[in-house]
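K.L.:
Okay, structure incoming, though there's no sequence with it:
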């Protein structure tokens, strides 16, 4: 597998979260869609091997970095040695747990030099376009907290690999695909009116204000239609993935373009 191209390190919350998401997607791909290939590469007869996720959604099983100290925190060393001594499912779960720890360590290593002034892409209603603005954080800790909230919105690699539902779920229209707009379904499947929906979403507004569109990177807006992928748990503007509220009503399980592409690759 080819090494990911070297680029300048991410510096903003959005850039670091994008880096985290790409590495996470790569690792999930290795432990699910490409699991047979991953399993074969982790030969116990080889030297200490590590599972790396790269920002471009790819993964790699290789030896650890030679330089000391390494440029980035290193993942768990020697994952291949325990492969044949454990039940396959348990071994994959163990690798997933170590991978979650590594992903967090990389993200907060990159976040260590956060500046108080940070550049952020936001939607401008007047210009009807995305613009770059500078946001001044009250403290570096606030940037870390925002990054943590973004990461915490996604299920862990362990939860995905073991098919456990995340502890913290986002609101959904019903048991089918997830979407958000000015209306919301109650537990019995009935649509509430806009006034009741607005009241129901007031408590969630702060929580979801940090949600970013998986396609354009725009911030969540309660006045826009959003839909969530039931596979990777990322959220998207309906317009970015060409899904309308009417279409969403008829989708039992929505798969974003990235997850649909991964499935096609296995066929």
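P.N.:
Alright, I've got the coordinates. Just so you know, these numbers come straight off a predicted model, no measurement behind them.
K.L.:
how about low-confidence regions in the chain?
P.N.:
The model of the chain has pLDDT under 70 over residues 1-9, 114-141, 165-210, 261-267.
K.L.:
buried sites along the helix ranked longest in it?
P.N.:
With secondary structure taken from DSSP state H, the chain has its longest helix at helix 88-110. For helix 88-110, burial by neighbour count (16 or more other C-beta atoms under 10 Å) applies to 91-100, 102-103, 106-108, 110. Every C-beta, even on glycine, is put in place using the N, C-alpha and C of the backbone.
K.L.:
With respect to residue 34, which of the residues you listed is nearest?
P.N.:
Lowest distance from residue 34 to the buried residues of helix 88-110 (C-beta to C-beta) belongs to residue 92, with 11.8 Å.
K.L.:
Please name the residues that touch that closest one.
P.N.:
31, 35, 161 (C-beta atoms under 8 Å, 6 or more residues apart in numbering).
K.L.:
Recalculate using a threshold of 10 Å.
P.N.:
For residue 92, the contact set (C-beta atoms under 10 Å, 6 or more residues apart in numbering) comprises 30-32, 35, 38-39, 83, 86, 158, 161-162.
K.L.:
can you pick the most crowded of these?
P.N.:
Comparing the contacts of residue 92 by number of neighbours (other C-beta atoms under 10 Å), residue 30 comes first, having 29 neighbours.
K.L.:
ok, and the closest non-adjacent residue to residue 55?
P.N.:
residue 22 (4.0 Å; C-beta to C-beta, 6 or more residues apart in numbering).
K.L.:
Who are the packing partners of the one helix or strand that neighbour maps to?
P.N.:
For residue 22, the host element (DSSP states H and E) is helix 13-31. Here helix 13-31 touches helix 35-41, strand 50-53, strand 59-62, helix 88-110, strand 117-124, helix 140-152, helix 157-161, helix 257-266, going by 3 or more C-beta pairs under 10 Å, 6 or more residues apart in numbering; DSSP states H and E.
K.L.:
Flag every buried residue along it.
P.N.:
For helix 13-31, the neighbour count (16+ other C-beta under 10 Å) marks 13-31 as buried.
K.L.:
hang on, the earlier thing: so the residue nearest to residue 55 sits right up against residue 57, yeah?
P.N.:
Yes - using C-beta atoms under 10 Å, residue 22 makes contact with residue 57 at a distance of 5.1 Å.
K.L.:
Tell me how far the closest residue to residue 243 other than its chain neighbours lies from residue 158.
P.N.:
Nearest non-adjacent residue to residue 243, counting by C-beta to C-beta, 6+ apart: residue 227, 5.2 Å away. Here residue 227 is placed at a distance of 25 Å from residue 158 (C-beta to C-beta, to the nearest Å).
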